[in-house]
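J.: sequence and predicted structure, then a few things I'm wondering about:
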Amino acid sequence: MAKTMTTQKIVTPSAESLASSARAAQKGGLPPVHLWNPPHCGDIDMRIARDGTWFYMGTPIGRHELVKLFSTILRRDGDDYVLVTPVEKVGITVDDAPFVAVDFNKRGDGLEFETNVGDRMIAGKDHPIRVVRDPQTGEPSPYVLVRANLEALIDRKSFYRLVELGEHAAHAGAQWFGVYSDGVFFPIIPSAELE
């Protein structure tokens, strides 16, 4: 008697199946993506541009509620970004940071940022601000940590507003120009470079 072998075909989930699984997993608040460890099903043709626009198969996702839904199941695994549900995990492309901080307001002694998908966080010990400078041009790229290794690029208008709040302070044995939020100083540029 001859045995027949069956091969199991791995199907890459679609945006629709991911959205359906994400809706089912939500019970108010952010889903516990850090607890889920489903099999990796490959990569999906989804990309987050530097300006925060989400694309699916080369076309911008026009429904803001769908983008917000996908943002709740986004996770960073090492250097890779994945959308994860209890049953599937797929890789996506992120050009820079997955979110954009589009505004901030003073809240007591803290700076509360808001992202393009509605996340809010007060910069501080748990949500640090960091500034990376392009080695060729010196142009700054400022970020704030949103959650679990996911950062937001602080948009230009918000960064200019931050600079207006800046002051000089000692940091790591040198004088820096930066901002305070929630009792923490975040350096932007060495003071000597401003002279």
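T.: Happy to help now that I have it.
J.: what's around the nearest residue to I44 once chain neighbours are set aside, how many residues?
T.: Nearest residue to I44 in three dimensions, chain neighbours excluded: V90, at 4.4 Å (Cβ to Cβ, 6 or more residues apart in numbering). Any C-beta I mention is one placed from the backbone N, CA and C, and that applies to glycine too. Residues near V90, counting by other Cβ atoms under 10 Å, number 24.
J.: tell me what V90 is bridged to.
T.: L83 (DSSP bridges).
J.: what residue ranges in this protein score low on pLDDT?
T.: 1-13, 17, 20-28, 195 (pLDDT under 70).
J.: which residues of it fall in helices?
T.: Taking DSSP state H as the test, the helices found in the chain are 15-25, 64-72, 156-165.
J.: can you convert the ones you listed into TSV and add a column each for distance to Y143?
T.: Converted to TSV, the helices of the chain look like this (distance: least, Cβ to Cβ, whole Å):
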stretch	distance to Y143
helix 15-25	25
helix 64-72	16
helix 156-165	10
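J.: in a markdown table, list the ones you listed along with distance to A172 and mean neighbour count.
T.: Conversion of those to a markdown table gives the following (distance: least, Cβ to Cβ, whole Å; neighbours: other Cβ atoms under 10 Å):
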| stretch | distance to A172 | mean neighbour count |
| --- | --- | --- |
| helix 15-25 | 41 | 17 |
| helix 64-72 | 33 | 17 |
| helix 156-165 | 19 | 14 |
